[in-house]
Structures are given as C-alpha cells and as structure tokens.
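1. Here is my input; please provide its structure:
(one chain, ligands or ions: 1)
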Amino acid sequence: MNLPVDFKEKYQELLGDEAEAFFASFDGKVQKGFRLNPLKEDYKNVTNSLADPVEYVETGYVGEVSGRTLEHQAGYIYSQDLSAMYVGEVVEAKPGEKILDLCAAPGGKSTQLAEKMANQGILVSNEINRKRATILAENIERTGARNVLVLNEDPATLAQNFEQYFDKIVVDAPCSGEGMFRKDPHAMTYWHRDYPVQCAKRQREILVEALKMLRVGGELVYSTCTFAPEEDEQIIAWLLAEYPYLEIVPLKHHQGMDQGVPAWANGEASLSGTVRLMPHHFKGEGHFIAKLSDTRPAQVKKVKNKKKKRQASLSTEQINLWREFADNFLVESPFKVSELRCYGDHLYYYPKNGPDISKLKFMRPGLLLGVFKKKRFEPSYTLALALKPAEVKATLNLTRSQWEQYVTGNTVSIAEKKKNGWYLLICDNKPFAFGKLVNGTVKNFFPKGLRF
Ligand SMILES: C[S@@+](CC[C@H](N)C(=O)[O-])C[C@H]1O[C@@H](n2cnc3c(N)ncnc32)[C@H](O)[C@@H]1O
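-> Numbering: from 1, shown residues only. Here you go, the predicted structure:
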C-alpha cells in the first residue's frame, strides 16, 4: 500500500525497529468479524460458522457476513471489526443503567450496548449527521431493542438537556482514521501531517460536552480508530490534567493488544492502562481505547419534584385501537399503555422512566409499534423485530425461499388454511416482518426502502 510519506516518516520515528512490520501490515488481509445478538430467542441458531469465537467478546466471532441473509435482516448478526467490538465490551453495560453513545453511527457500539442492557435502562444513541443517524436508527431497529432513543443532536445541545444524567458515556470519536487505511484506502486521501492535531481539537470539544453529562461517579469510554498519539494518549493526558477527579481504569490486554504509550504523551504512567490495537500485533484494524472513571464520591441526588409534562399522549380512540390490536395479537402485552406515546399518527413504546427529549431532534423516540390509519392500527416492521415468537398469538412460518420472496417485495401464497389478518412472519424460528394474510396470500408490508 502506498502510505503517505509524512505518515511513514512519523511512524518510523515513533516505532523505530517495529516500523517495517507495522507498514507491512497495511498489505495484510483484513480479518472480518461479527457479533450475535442475545436479545433474540435462540440467538446462536444461525447458518454462519461459529467455529472461531473471539476470546475477549462473549458474542463475537471471526468471519464474514452478508447483509443479504435472513440472519442479518432479522437482526441476529452485526458485522463488526474485531478491534471495534472490544470498545463496546469494555463499557460493561448493564441492565438498568443510563448510557449515552455520543458519536454512534452506524451503530456498532450502540447495538452491542443495547444487547447487553437486555431492554432495561435507557440507551441514548446519538449521531450528529442526519444521514448517518438514519442508518443508525435502522441498525438499532434490527436488534429489536426496546430501550433505545436515537437522537440527532450536536454534543453541546445534548449537554444542556442531560446535565450529569448518564452512568456511562461512550465517545467513539471522529478521528483521522489511520486505522482504517487498510480497510478503506480512500481514508488516506484526506490525511495530512496536521490532520491529527485538527482532529484532536474537535475531540477535546466533544469531550468537554460529554463530561457535563456524566454523573458523579460515572464512567467514560473514549476510543478512536487512529494510531496518532495526538488523538489517543495525548487526549487522555489532557483529560486527566483538566479533570483531576478522573482516573484511568486499566483495561485488560488480551493476546495481541498493546498498552498505551506514556512517552507519547506526558509520561503519565497510568496511560499504559489504555489499549492500542496495532495491526502488526493484533488480528483487527487499528484502534485506541481508554476507560476513565469519575472518582468523586457519588452524591445522593435530590429528586426535584418537577411535575412531569405529559407528552405526546394518546386519544381514547387510539388507546382503544391499540388495545384491540394488542388483545388479539399479543399473548400478554409487554407495552403498558402508560408507556406509550404518539407522535402524529405514529405510536411508540417509550422506555420506562425515560428522559424528556421534547426539545431535542430525534430519529426514534423509542420503539415504533405502528401507525394509526383511519379506524385501524397497522403494526410496524420494527415491532416485528422486537417480538419473540412466544409473545405472539398469530404467527406464520415461511421457508427461506418464501422469506426471499417477501424481502424482495413480493406477495407469498400460503397453502395452509388460516384466518385473514395480521401475522408475525417467521422463518427458521426468526421473526422477520409482519404480513397481512388475505385469502391465502400474504400481502407485502416489508418497508420499501429496505427491500433487497
Ligand atoms: C468513529 S464514528 C462512530 C462509529 C460508531 N460509534 C460505531 O461504532 O458504529 C464517529 C462519528 O462521529 C460523528 N461526528 C462527527 N463530528 C462530530 C461532532 N462534532 N460531534 C459529535 N459527533 C461527531 C461522525 O458523524 C461519525 O458518525
């Protein structure tokens, strides 16, 4: 690979004897990986080979996945670089926590966090770029998670709304992307010697806002996909100096993982507790990961007795239409009426005790359950992906070839005699969409924009 001359000079100096092996790794093979999604029932029932598990991520495997398979479409697998999946793992997200993923698109870390939270607590998954936020929302939807809000805000606006709110924050920062050169050589075209310093300025601005949102005693995970010390060790050294109550939480260095290099910043010894993933040592693309904790004693937060604004409440007619659907269709509705919200004619399940996001730009204010149309309720594709077969009264099993017919936008004929109406479509025990059966034909309700 033709690496930029300035890049080679810089890393020759930093890496010395190791530089040649480092440069040679850019001509090596990109090792792909994927994660399984434990939010799904029987989640290991996939056609992908699980012969090569990743040691440091419980649900991670080495291997390439196709976006045009049932497993991918139904949200059982997420394709992710072997390095990137260690970021989501070190967050140690737990059910019930309040977590922010500040720079979230396309959603590699957010999907991993949501899967660990098991539908309990709140994950705010934010992306500043509108187009990328749309892709983020789609990826979140495939997971079937019920406790994720997808926002489209800049960090400063978020900080005004979420003062000291989150237990954990992930800043997977926009960076100079040196670790992506091998996978995407185009990333080299906008690299120049001063680029890391420019990126570092933006990273500090983002972190200043992020820290306003972290509760006392909370934890911050910072990561980049670059080798540049300016954006890695030097950013962490700057954080430790600016926020003396922050401390590095030393991360486990699994096989092939390097320690951060204190000498590449100010010599602060604890920087060796960060992780560098270098492609000449590790089977994955370049990454840097640091975890910091706020060491101030946790305060007992005074609960302000603010009257909660009733937001986006439902009309009686809407409640009745939803109830009618839920009674006929769901064995027992996991979505309480008090936790439902309506925006226009769209009905959402809003995670219990969720924050007020009424002043923010959102892509997905909870889980979209469906849409009210005249005098009826039409369930959404996203609801289908969030349900387990046992939660539903009306299911219809299709073969893989019928699945293919459906995701390409066609109707499907059924030989079985069944009542007309809505069905959760299932293939190989995986719910993948809703369909409406009318006299032996399943009408196609697969979202047009997602058709294969
Ligand atoms: C490395 S990517 C995030 C990857 C993502 N976490 C994942 O795992 O799929 C960084 C993201 O930061 C966003 N970004 C760019 N400028 C930003 C800013 N000033 N504040 C917040 N986010 C920004 C980019 O649009 C990009 O989606």
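
2. Would you mind identifying the next helix or strand past the strand ranked longest in the chain?
-> Secondary structure of the chain read by DSSP state E shows that its longest strand is strand 214-224. As assigned by DSSP states H and E, the chain's next helix or strand after strand 214-224 is helix 233-242.

3. Could you list every helix and strand in contact with that following helix?
-> Other elements packing on helix 233-242 under the criterion 3 or more Cβ pairs under 8 Å, 6 or more residues apart in numbering; DSSP states H and E are helix 195-213, strand 214-224, strand 246-248, strand 287-294. Quick note: C-beta positions are derived from backbone N, CA and C, even for glycine.

4. The most centrally placed residue in the chain and residue 219, how far apart?
-> The chain has residue 110 as the residue nearest its centroid, 1.9 Å off, counting by Cα atoms, centre = their mean. Counting by Cβ to Cβ, to the nearest Å, the separation of residue 110 from residue 219 is 17 Å.

5. Equivalent analysis for residue 9, please.
-> 37 Å.

6. Could you count how many residues lie near residue 317?
-> By the measure other Cβ atoms under 10 Å, the count of residues near residue 317 is 10.

7. oh, I was asking about residue 222
-> For residue 222, the neighbour count with other Cβ under 10 Å is 25.

8. same deal with the one 5 residues further on?
-> Counted by other Cβ under 10 Å, the residues lying close to residue 227 total 27.

9. for the nearest residue to it once chain neighbours are set aside, what are its contacts?
-> The shortest distance from residue 227 to any non-neighbouring residue, by Cβ to Cβ, 6 or more residues apart in numbering, is to residue 178 (4.8 Å). Neighbouring residues of residue 178 by Cβ atoms under 8 Å, 6 or more residues apart in numbering: 7, 187, 191, 225, 226, 227, 228, 286.

10. Show me which pair in those is furthest apart.
-> Maximum pairwise distance in these, criterion Cβ to Cβ, is 14.8 Å, between 7 and 225.

11. The two: who's more crowded?
-> Comparing residue 7 with residue 225 by other Cβ under 10 Å, the one with more neighbours is residue 225, at 26 against 21.

12. Next, the contact list for the nearest residue to that one once chain neighbours are set aside, please.
-> Nearest residue to residue 225 in three dimensions, chain neighbours excluded: residue 179, at 4.0 Å (Cβ to Cβ, 6+ apart). For residue 179, the contacting residues are 83, 224, 225, 226, 227, 277, 279, 285, 286, 287, by Cβ under 8 Å, 6+ apart.

13. rerun at 10 Å
-> By Cβ atoms under 10 Å, 6 or more residues apart in numbering, the contact set of residue 179 is 81, 83-84, 187, 224-228, 276-279, 284-288.

14. Ok, residue 156 next?
-> 205, 206, 208, 209, 212.

15. are any of the residues you listed buried, and which?
-> 206, 209, 212 (16 or more other Cβ atoms under 10 Å).

16. need those in TSV with pLDDT, can you?
-> Output for the buried ones among the contacts of residue 156, formatted as TSV (pLDDT from 0 to 100):
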residue	pLDDT
206	98
209	98
212	98
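
17. what's the closest of these to the ligand?
-> Of all the buried ones among the contacts of residue 156, the ligand sits closest to residue 206, with 4.9 Å by Cβ to the nearest ligand atom.

18. Residue 220 versus the closest one, what's the distance?
-> From residue 206 over to residue 220 the distance is 11 Å, taken as Cβ to Cβ.

19. Which residues are in contact with each of those two?
-> What both residue 206 and residue 220 touch, as defined by Cβ under 10 Å, 6+ apart, is the set 102, 171.

20. Could you point out the helix or strand that follows the helix or strand encompassing the residue nearest to the centre of the chain?
-> Assigned by DSSP H and E, residue 110 falls within helix 108-117. Remark: after helix 108-117, the chain's next helix or strand is strand 122-126, criterion DSSP H and E.
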